[in-house]
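> mind folding the following:
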Amino acid sequence: MTDGLPLSGILVVALEHSVAGPLCSRILGDLGATVVKVERPGTGDFARHWDDHVDGESAQFWWLNRSKRSAVLDLKEPDQRARLDELLAAADVFVHNLSPRAAAGLGLTGASVGARHPRLVVCQISGYGTEGAFRDRKAYDMLVQGEAGFMSLTGTPDQECRVGVSLCDVSTGIYAALLVLAALRERDLHGTARHLDVAMLDVASEFAAPMLLSNLNAGVVYPRLAAHHHALAPYGAFRCGDGTEILVAVHQDAEWKRLCATLLGDPALGDDPRFATTLDRVANRDVVAGIVGDALGALDYEDAVSALQEAGIAHARVNGMAELAAHDVIRRRGVTAQVSREGGRSVSAFVGIAERLFDPDGDRDARPPRLDEHALAPLGTSGPEAG
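Have a look, this model is predicted:
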């Protein structure tokens, strides 16, 4: 049920695939909107087929598409495009991540759709924006990580790496949902529906902003440091005596002094001119890492945690997915839930933050739709509709 949720009564039409568009519309759905997912004939959203890890279905698709309605339209056909336009006439939000070229060819740019439906908020997601030399380039997550400079910062000095999750896709979906909410508020206040041109590289630049500004203003080029921070020390991964990896983060000079007095057992190091300030420690990061690494290597993980807790030093364990699944915080906050399947089976499903905050007692048995499960009626006939 969506009654009483913030976006109850809002209809979102999503012509989407992959991650960024579907995550944007799923967040809106978590907040109570009705989401109609328009899919291509035959295969639908290709994320349906990325894996078979949730009872034979895609984990990616389960994550991104719970509780949506699926309707297949072949937009190469004029009558099917007219059917989409009829649906858009009733909608509040149109989210799509077609390429700018494809959107223009189908008459689905923000300007063209907005001219036909002036109260419709249009959110167009692309890799590099709707104009310029990059407008028609494909923009998968790792490609944008490369263009955004992430891979110049991630990895070892000898080998660049991608961030291990789809950071650009996910952050773009979240950012797009935030902008849609602002555009709906603007429409309600002023009667104006905005076209949102959301580029993945724009969003990625938010993450790179400190490094970008450092380069623009001071010519700084940060090296790849694997599991250590570019601008703080000590801040990185260390191995305890029992082999467990632990992350230790010192943000302030006062914390360094406490670390020296407790874990390191040498208060004088806190005032050593090589280490007294953040800039000093960064300039001598290898020496700092060696000192901290030796101290942690002499302790097992639990003793290291006790020492760091006593000193008030930030720390975390380097977990894998199995450890995350069993994490006390994940379980206590209901990040996953068991969902019933046909034949009495159950699967673990992801529950979004908005859903948990705004609909804590909601239906956790909701699943992603089967392809064309909520087929739209042809023009001029009655049949299943959204809303």
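> outside of the helix or strand of the chain with the lowest mean pLDDT itself, list whatever touches it.
Ranking every helix and strand in the chain by mean pLDDT, DSSP states H and E puts strand 336-340 at the bottom, with a mean of 88. Strand 336-340 is contacted by residues 325, 330, 346, 347, 348, 349, 350, 351, 364, 365, 366, 367 when judged by C-beta atoms under 8 Å, 6 or more residues apart in numbering. Every residue, glycine included, has its C-beta placed from N, CA and C.
> could you redo the last one with a cut-off of 6 Å?
Here strand 336-340 makes contact (C-beta atoms under 6 Å, 6 or more residues apart in numbering) with 346, 347, 348, 349, 350, 351, 364, 365.
> over to stretch 127-137?
For stretch 127-137, using C-beta under 6 Å, 6+ apart, the contacting residues are 100, 101, 139, 197, 199, 200, 201.
> now do stretch 111-125
Stretch 111-125 has contacts (C-beta under 6 Å, 6+ apart) with 20-21, 88-89, 93-95, 97, 110, 176, 180, 183-184, 193, 195-198.
> on that earlier part again, which among the contacts of strand 336-340 count as buried?
Neighbour-count burial (16 or more other C-beta atoms under 10 Å) applied to these gives 347, 349, 350, 351, 364.
> excluding chain neighbours, what is closest to the second one?
Going back to what we said before, that points to residue 349. Among residues not flanking residue 349 along the chain, residue 339 sits closest, at 4.4 Å (C-beta to C-beta, 6 or more residues apart in numbering).
> neighbours of residue 69, how many?
21 (other C-beta atoms under 10 Å).
> what sits closest to it if chain neighbours are left out?
Per C-beta to C-beta, 6+ apart, closest to residue 69 is residue 374, 3.8 Å.
> got phi/psi on the one you found?
Per-residue torsions, residue 374: phi -120, psi 50 (degrees, to the nearest 10).
> what distance do you get for it to residue 52?
Residue 374 sits 23 Å away from residue 52, going by C-beta to C-beta, to the nearest Å.
> please apply the same query to residue 176.
Going from residue 176 to residue 52 by C-beta to C-beta gives 28 Å.
> separation between residue 52 and residue 62?
For residue 52, the distance to residue 62 (C-beta to C-beta) stands at 11 Å.
> quick one: end-to-end length of stretch 362-373, please.
End-to-end distance for stretch 362-373, by C-alpha to C-alpha, to the nearest Å: 22 Å.
> list of residues touching it?
44, 61-62, 65-70, 72, 337, 339-340.
> go with 7 Å
The contact list for stretch 362-373 (C-beta atoms under 7 Å, 6 or more residues apart in numbering) reads 1, 37, 39, 44, 61-62, 65-72, 337, 339-340, 351, 355.
> before we move on, what about stretch 262-282?
Residues contacting stretch 262-282 (C-beta under 7 Å, 6+ apart): 231-233, 253, 256-257, 260-261, 284, 287-288, 291, 295, 307-308, 310-311.
> and those residues, which are buried?
232, 233, 256, 257, 260, 284, 288, 291, 295, 307, 308, 311.
> so of those residues, which ones are in helices?
Taking DSSP state H, the ones among the buried ones among the contacts of stretch 262-282 that sit in helices are 256, 257, 260, 288, 291, 295, 307, 308, 311.
> so which two of the residues you listed are the farthest from each other?
288 and 307 (17.0 Å; C-beta to C-beta).
> do you know the pLDDT at the residue lying closest to residue 327 once chain neighbours are set aside?
Sequence neighbours aside, residue 319 is the residue nearest to residue 327 in space, at 7.1 Å (criterion: C-beta to C-beta, 6+ apart). The score at residue 319 is 94. That number is its pLDDT.
> what's the burial count for residue 319?
If you count neighbours by other C-beta under 10 Å, residue 319 ends up with 12.
> number the residues from 15 up from this point.
In the new numbering, first residue 15, that becomes residue 333.
> got the phi and psi for it?
phi -100, psi 160.
> swap in residue 140?
phi -140, psi 180.
> neighbours of it, how many?
26.
> what mean pLDDT does stretch 121-130 get?
The model assigns stretch 121-130 a mean pLDDT of 93.
> now do the buried residues in it.
Of all the residues in stretch 121-130, those buried under the rule 16+ other C-beta under 10 Å are 122, 123, 124, 127, 128.
> okay, and which of those residues map to helices?
Those of the buried residues of stretch 121-130 lying in helices (DSSP H): 124, 127, 128.
> one step back: would you turn the buried ones among the contacts of stretch 276-296 into JSON lines with pLDDT and distance to residue 261?
As requested, the buried ones among the contacts of stretch 276-296 are arranged in JSON lines below (pLDDT from 0 to 100; distance: C-beta to C-beta, whole Å):
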{"residue": "246", "pLDDT": "94", "distance to residue 261": "12"}
{"residue": "247", "pLDDT": "95", "distance to residue 261": "13"}
{"residue": "270", "pLDDT": "97", "distance to residue 261": "16"}
{"residue": "271", "pLDDT": "96", "distance to residue 261": "20"}
{"residue": "274", "pLDDT": "96", "distance to residue 261": "19"}
{"residue": "298", "pLDDT": "96", "distance to residue 261": "20"}
{"residue": "302", "pLDDT": "97", "distance to residue 261": "15"}
{"residue": "305", "pLDDT": "97", "distance to residue 261": "17"}
{"residue": "309", "pLDDT": "97", "distance to residue 261": "15"}
{"residue": "321", "pLDDT": "94", "distance to residue 261": "15"}
{"residue": "322", "pLDDT": "96", "distance to residue 261": "10"}
{"residue": "325", "pLDDT": "92", "distance to residue 261": "15"}
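> spatially central residue for this protein, please.
The residue lying closest to the centre of the chain (C-alpha atoms, centre = their mean) is residue 184, at 2.3 Å.
> any idea which helix or strand comes after the helix or strand that contains it?
Secondary structure from DSSP states H and E places residue 184 in helix 181-204. Using DSSP H and E, the helix or strand that follows helix 181-204 in sequence is strand 209-213.
> much appreciated, bye for now.
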